[in-house]
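Student: Only the shape, not the letters, is given here:
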């Protein structure tokens, strides 16, 4: 792409009300735009990065048998009442609205309920299971505060995967394959080393659930890390009993700030039972379907990557998720020979299948171009000027 | 893909409260699921078709210089108040909600306002223009009635394109290129012949806007069609003066029901002026940016295609948007030789780059498989049974 064609401009300053590093840099680089507190739009460069992250996640979901769907945001209260998740006392982050035709609707903050209702039409027998469905879908959360840039927003795309199994054993097996898929995803996004499988509260269904926590000073969570074993414990379950269960000792653990980049839950039969999702077992007896749910927010992941790979005026994207493979920076383009040489290089690399951003802007100083390239953050750069000839 | 792996099942019946043909067939084929009135989810086959439609639109938008972005659904009332589109008296399809942090938010039913606000950060001079941005983004419309299946829903993905130009001439030129891109899109989706560029009300900015109306008995619109000139007039502007303006005579026009599958508007400076989006012209003088907006709903397009290409128990997708290129139907698969032959064919076609659905289901009769294949609607079918050996 020719940079002269890109409509976004880099900025020297970020909005005054923006406190997070990731949003400051992404706004300055022309990646995102702040629409209101907790709501950002993705500009062309930002959407390219977001889609690269999404593609990696999609590939790993398909590898473990996931089938992609896309559900609605608008939610029928009646199904959430059945699971006791409609009232604002129980779930305090609903956005609710009035339906002109009468009644209320909610904006989905997660999708267990409609996913179960949909599945009732497609599950009859144990032969139909297991089923794994996932989506990249907008979630809405009516957060009181939203100060972490794209790491915690009121509206965000989430990859949510749901598993439907006949038994706890079938769930456990899939749960482990999701854990591995998540490790792959964070590795491929370049944050694998700093990301820890973290023991967190399992709620009423199992002793633990697992979070994927990435070490980061800007994080909202506190975890206790064993670097040696590459595992961690969330503060919420950090006690002597848990340490004993996990065979860890206090002296081997270090307290760190972190960002939750993914989580996986065993749900058991809670939702299937409340909403009547059953299957006939080999004896023809009705059984409740055993479920799990597994989330990753691609936007939060993108924000985390920025937090970990940036300096004051500079982003350095991991190659796999950079908006372009190569950034050609043309200087002295008023010299026809230089301009021709730069264009040749751009055409050659593009023809070879590389995604190339070519800074072909005229009337822009070399210094400005380098500063912009730092903000845009494509690590492979080719500078073409008089000296290159 | 192996059909035995697909979690969706076809159905003999559609939900009793569903009146539209497109939704009935798509639900029965396992393409979509009805979540509530006016809200549908896309199941794997449905998402494949929707993505094929989206890909065609995206390609045509990129060809005319569109740059893809993704904006938020949650809307800040203050900017909509400035254009006088916030009050329910003016716009009666808002979904509004309370923000826990205080104040109200709306759910976007279109995006002129936030798009203009975003552009204020990136437009300074006439040299920055024209700019064309588009997105595939969820829109929310609080419709009183929703009886047309996926052709009119309360929540739907829209491709909305916005143009930002220095002058009416620059706008006019781009407007014509969008018109051609839309013709290409509808041709590529297989409904070109039945789709008419239709003169409709231009509002306060221009004599006409243009709609793309597809002839269809299930349509909500009435248009007057000149088959010879392949153009039409919307009922709302069908009068003697307009006929004269367009050089048409009543006797050459036929009244038809139709579906609006796209529309293009010249907006002039209304939104730029209300929100302060200006550029400095060659003399350094501030001028309002001249805008256009251009919409297509991929879901409505998909629904229209079903209405036009279906019979009682049967869909026939145009090749370009079918979920798969080929449907292999294996019968007598209990015969090992047949099973092997079918698998060979599946592997061969898949290796050649075709997208293939292989009905490998055991314990399903040939009759059931043919009935399912009719509902799924992939036009190229290969039947492999004992006779094929």
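Tutor: Yep, it's here. These numbers were taken from a predicted model, which means no experiment stands behind them. Residues are numbered from 1 along each chain as shown, chains lettered A, B, ... in the order given.
Student: Let me see the contact set for the residue lying closest to residue A:366 once chain neighbours are set aside.
Tutor: Excluding its sequence neighbours, the residue lying closest to residue A:366 (C-beta to C-beta, 6 or more residues apart in numbering or on different chains) is residue A:331, at 4.2 Å. Quick note: C-beta positions are derived from backbone N, CA and C, even for glycine. Residue A:331 is in contact with A:338, A:366, A:369, A:383-386, counting by C-beta atoms under 8 Å, 6 or more residues apart in numbering or on different chains.
Student: now for the residues you listed, which pair is the farthest apart?
Tutor: A:369 and A:386 (14.3 Å; C-beta to C-beta).
Student: What is the nearest of the contacts of residue A:331 to residue B:159?
Tutor: residue A:369 (33.5 Å).
Student: Go ahead and confirm that closest one touches residue A:328.
Tutor: No. If you go by C-beta atoms under 8 Å, residue A:369 and residue A:328 don't touch, sitting 10.5 Å apart.
Student: Give me the buried subset of the contacts of residue A:331.
Tutor: Buried by 16 or more other C-beta atoms under 10 Å in any protein chain shown: A:338, A:369, A:383-385, out of those.
Student: how many other residues sit next to residue A:82?
Tutor: Residue A:82 has 16 neighbours, counted by other C-beta atoms under 10 Å in any protein chain shown.
Student: My guess is it contacts residue A:273. True?
Tutor: No. Using C-beta under 8 Å, residue A:82 makes no contact with residue A:273, being 10.1 Å away.
Student: picking that back up, between residue A:369 and residue A:328, what contacts are shared?
Tutor: Shared contacts of residue A:369 and residue A:328, counting by C-beta under 8 Å, 6+ apart, come down to residue A:359.
Student: What are the buried residues along stretch A:76-85?
Tutor: Quick answer for stretch A:76-85 (16+ other C-beta under 10 Å): A:76-77, A:79-80, A:82-83, A:85.
Student: now the end-to-end length of it.
Tutor: 12 Å (C-alpha to C-alpha, to the nearest Å).
Student: and residue A:1, how many residues sit next to it?
Tutor: Counted with other C-beta under 10 Å, residue A:1 comes out at 18.
Student: what sits against the nearest residue to residue A:146 once chain neighbours are set aside?
Tutor: In this structure, residue A:146 finds its nearest non-sequential neighbour in residue A:38, 3.1 Å apart by C-beta to C-beta, 6+ apart. By C-beta under 8 Å, 6+ apart, the residues touching residue A:38 are A:143, A:146, A:152-155, B:74.
Student: again, but for residue A:306
Tutor: Counted by C-beta under 8 Å, 6+ apart, residue A:306 has contacts A:21-22, A:25-26, A:315.
Student: top of those by neighbour count?
Tutor: residue A:26 leads the contacts of residue A:306 on contacts (other C-beta under 10 Å) with 31 neighbours.
Student: Quick check: that one vs residue A:379, distance?
Tutor: 17 Å (C-beta to C-beta, to the nearest Å).
Student: now do residue A:79
Tutor: Residue A:79 is 47 Å from residue A:379, by C-beta to C-beta.
Student: can you give me phi and psi for the closest residue to chain B within the stretch 201-350 of chain A?
Tutor: For the stretch 201-350 of chain A, the residue closest to chain B is residue A:299, as judged by C-beta to the nearest C-beta, at 10.1 Å. Per-residue torsions, residue A:299: phi -70, psi -40 (degrees, to the nearest 10).
Student: Thanks a lot, catch you later.
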